[in-house]
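# make a model of this:
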Amino acid sequence: MAEKGFCLTVRETVDATGGSLLRGAPGAVFTGVSTDSRKAGPGDLFIPLAGERFDGHDFIVDAVRGGAAGFLTGRGSEAKSQACGPETAVICVEDTLHALGEIARSWRNRFDVPVAALTGSSGKTTTKEMAASIAGLRRDVLRNEGNFNNLVGLPLTILGMRDRHETAILEMGTNRRGEIARLTEIASPVIGLITNIGSAHLEGFGNVETVAEEKRDLFNHMGEEGIAVINMDDPVLASWIGRYRKSYFTYGFSGEAMVRAEDVRMEAAAARFTIRISGFSAEVRLNAAGRHNVSNALGAAALCWCMGIEPDAICEGIAGFRPVQGRMEIIALRNGSFVINDSYNANPESVRAALATLTESAANGAATTAVLGDMLELGAESERLHREIGLFASKAGVKRIYVRGDFSPALAAGAIEGGMQEKDVIRLDSPRRIAEEIGRRSRRGDWVLVKGSRRMRMEEISQALADVIGITEKSA
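Numbering: from 1, shown residues only. The predicted model follows:
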């Protein structure tokens, strides 16, 4: 029997959103939801959202021309619906973004599907993908694709829930206070995991204490029986054990963690370790570089254990994981050197972890080079934090850095303060020129890290390195 797709009547949509029906038949059916007028198709409900540079209400007519069966309109924008015919359903709501969340919450509540939610300052996407790799061996898993982890992306992901799904693993992102509480309200998770507390998005939060409060809302807004999965290696999170949830489960490198790693050995593009889970132990190989990725794997294992997945499947899933493109992706170049392509995004904690992985990966005196772009959304702390990263890179033993962006002077100053010679701190913006310089200098066994915030487009440098030097293979 064919699987039923999305189906919501106009009346059910009005009830879910608390809106009022301005036009249309209450019994008419929406068979999809779209927030992009260019993608709205026959039977869809179009939800116009307002952004910094656009207002979706300006594209209502385009959505209806594409076949949309109806649309929401925010209070005050009703006049923009007049150009549409009487057969098109029009529902007026106070706020279209909030209404999208309410529709997703109503849809999620139709399914008896356990939801696990993850957030954290860094590592949440990788941990989510690792958990999906594990759970996907035994169950049909719904998870966010790409960066669908905010107040738009997470509801749209939930609206993809179907009868076949046996569990959902959802990443939650935030850059302002109150978003995690709202996302938790929409998703109704029964398991919550916070990877760590750090200084990402300080521009929106002001200080790390507020970041911690925001992340903690995941635990505070889960149902009474929800399970908190806690990283014991993060001192802030470790201090929360037993304070915010009756039920909790711990992971980490600590001997007290319920899921822990022992005898960790780093390889060129992987890590081997012994995983221990409630009396079970086995050696596993993780196809991802860096100790921080072992921590991510432990978090994924703990989350899946709480979902009832057996240890052997957990080990199989960890071994089968492959890094997401642009996240600690190891690329072998034709000259025998290696690139750690971690270009997807950056904050101080993830940059430190990537730099540590860079120096761990180099063996027998091989040279290490870091190409570092700006870390964005750090607010008033930007100069200080970039200087600290430069200092950390130098102290960690990185031999040469290329810096790009508005905060590159601060990063360079920190590196020189840490003892790096000025000739080895190079400011270049052109991806091609950076790649050509690295190509001339690098030798077999050398390692290059490419890291920076998303808007810095650091992936262009990784691609330039591949174009200039050539690729042998993607190692992981």
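
# CA atoms for contacts and neighbours, from now on please.
Fine.

# quick check: pLDDT value at the residue nearest to Gly445 when sequence neighbours are not counted.
Closest residue to Gly445 apart from its sequence neighbours, by C-alpha to C-alpha, 6 or more residues apart in numbering: Ser337 at 4.9 Å. On pLDDT, Ser337 comes in at 94.

# who are the neighbours in contact with Ser337?
Residues in contact with Ser337 (C-alpha atoms under 8 Å, 6 or more residues apart in numbering) are 442-448.

# and if you look at Glu203?
Glu203 makes contacts with 377-380, as judged by C-alpha under 8 Å, 6+ apart.

# how many neighbouring residues does Pro42 have?
Residues lying near Pro42 (other C-alpha atoms under 10 Å) number 17.

# helix or strand for it, just tell me which one.
Pro42 is located outside every helix and strand, with elements delineated by DSSP states H and E.

# wait, it sits on Gly67?
Yes: counting by C-alpha atoms under 8 Å, Gly67 is a contact partner of Pro42 at 3.9 Å.

# quick revisit: now, the contacts of Ser337 that are in strands?
When the contacts of Ser337 are checked against strands (DSSP state E), the matches are 447-448.

# select only the buried ones of the contacts of Ser337 in PyMOL?
The PyMOL command for the buried members of the contacts of Ser337 (criterion: 16 or more other C-alpha atoms under 10 Å) is given here:
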select buried, resi 442+445+446+447+448
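
# so which of the contacts of Ser337 comes closest to Ser121?
Closest approach to Ser121 among the contacts of Ser337 (C-alpha to C-alpha): Val448, at 24.2 Å.

# rewinding a little: closest to Arg105 out of the contacts of Glu203?
Glu377 (29.6 Å).

# next, count neighbours for that closest one.
18.

# can we start the residue count at 16 from this point?
Yep, numbering from 16; the last one is Glu392 now.

# which ones are touching it?
Shown in contact with Glu392 (C-alpha under 8 Å, 6+ apart): 215-219.

# can you list those residues in TSV and add pLDDT, secondary structure and distance to Val244?
Formatted as TSV, the contacts of Glu392 follow (pLDDT from 0 to 100; DSSP: H, G, I helix; E, B strand; the rest coil; distance: C-alpha to C-alpha, whole Å):
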residue	pLDDT	secondary structure	distance to Val244
Ala215	77	coil	21
His216	75	coil	23
Leu217	77	helix	24
Glu218	81	helix	27
Gly219	82	helix	26
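
# may I ask which of these has the most neighbours?
Neighbour counts for the contacts of Glu392, by other C-alpha under 10 Å, peak at Ala215, which reaches 25 neighbours.

# wait, doesn't that one sit right on Ser397?
No: counting by C-alpha under 8 Å, Ala215 does not reach Ser397; the two are 10.8 Å apart.

# any chance of a ChimeraX selection covering the buried ones in the contacts of Glu218?
In ChimeraX, a selection of the buried entries from those looks like this (16+ other C-alpha under 10 Å):
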select :392,393
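
# element containing the spatially most central residue of the chain?
In the chain, the C-alpha nearest the mean C-alpha coordinate belongs to Thr140, at 3.5 Å (C-alpha atoms, centre = their mean). Assigning secondary structure by DSSP H and E places Thr140 in helix 139-150.

# and Gly82, how many neighbours?
Per other C-alpha under 10 Å, the neighbour tally for Gly82 reads 18.

# got it, and Glu160?
Using other C-alpha under 10 Å, Glu160 has 14 other residues around it.

# helix, strand or coil for it?
With DSSP: H, G, I helix; E, B strand; the rest coil as the basis, Glu160 sits in coil.

# pLDDT at the closest residue to it other than its chain neighbours, what is it?
Sequence neighbours aside, Thr172 is the residue nearest to Glu160 in space, at 7.8 Å (criterion: C-alpha to C-alpha, 6+ apart). According to the prediction, Thr172 has pLDDT 97.

# what would the host helix or strand of Thr172 look like as CSV? C-alpha coordinates only.
Thr172 belongs to helix 168-173 when assigned by DSSP H and E. Provided in CSV are the C-alpha atoms of helix 168-173 (Å, rounded to 0.1, in the frame of the first residue of the first chain):
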residue,chain,number,x,y,z
GLY,A,168,14.3,24.4,8.8
LEU,A,169,13.3,22.3,11.7
PRO,A,170,9.5,22.7,11.2
LEU,A,171,10.0,21.9,7.5
THR,A,172,11.9,18.8,8.5
ILE,A,173,9.2,17.7,10.9
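
# same question for it: list its buried residues.
168-173.

# can you redo the residues you listed as CSV with distance to Thr46?
Listed next are the buried residues of helix 168-173 as CSV, based on distance: C-alpha to C-alpha, whole Å:
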residue, distance to Thr46
Gly168, 18
Leu169, 19
Pro170, 16
Leu171, 14
Thr172, 15
Ile173, 15
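
# which members of the residues you listed are the farthest-apart pair?
Greatest spacing in the buried residues of helix 168-173, by C-alpha to C-alpha: Gly168 and Ile173 (8.7 Å).

# the stretch 216-365 of the chain: helices as residue ranges?
Per DSSP state H, counting those that start in this stretch, the stretch 216-365 of the chain carries helices over the ranges 217-220, 223-235, 250-253, 306-321, 326-335, 363-376.

# format those as JSON lines; extra columns: distance to Leu426.
What follows is those, written out as JSON lines (distance: least, C-alpha to C-alpha, whole Å):
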{"stretch": "helix 217-220", "distance to Leu426": "18"}
{"stretch": "helix 223-235", "distance to Leu426": "21"}
{"stretch": "helix 250-253", "distance to Leu426": "27"}
{"stretch": "helix 306-321", "distance to Leu426": "23"}
{"stretch": "helix 326-335", "distance to Leu426": "35"}
{"stretch": "helix 363-376", "distance to Leu426": "12"}
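
# let me know which of those is tucked in deepest.
Sort the helices of the stretch 216-365 of the chain by mean neighbour count, taking mean count of other C-alpha atoms under 10 Å, and helix 306-321 sits at the top with a mean of 26.

# got the contact list for it?
131, 138-139, 141-143, 145-146, 149-150, 206, 208, 210, 242, 244, 246, 264-268, 273-276, 281, 286, 290, 301, 326, 329, 333, 368, 372.

# show the buried residues in those residues.
131, 138-139, 141-143, 145-146, 149-150, 206, 208, 210, 242, 244, 246, 264-268, 273-276, 281, 286, 290, 301, 326, 329, 333, 372.

# re the thing from before, now what about the helix holding Thr140, what contacts it?
With C-alpha under 8 Å, 6+ apart, helix 139-150 has contacts from 133, 156, 158, 184-186, 209-210, 308, 311-312, 314-316, 318-319, 324, 328-333, 335-336, 338-339, 342.

# Thr103 touches Arg80, doesn't it?
No: if you go by C-alpha under 8 Å, Thr103 and Arg80 don't touch, sitting 10.7 Å apart.

# the more surrounded of those two?
Higher neighbour count among Thr103 and Arg80: Thr103, with 19 against 15, using other C-alpha under 10 Å.

# contacting residues around the residue nearest to the more buried one when sequence neighbours are not counted?
Nearest residue to Thr103 in three dimensions, chain neighbours excluded: Gly85, at 5.0 Å (C-alpha to C-alpha, 6+ apart). With contact taken as C-alpha under 8 Å, 6+ apart, Gly85 is in contact with 45, 58-61, 79, 103-106.

# same check on Ala381?
Ala381 touches 460-462, counting by C-alpha under 8 Å, 6+ apart.
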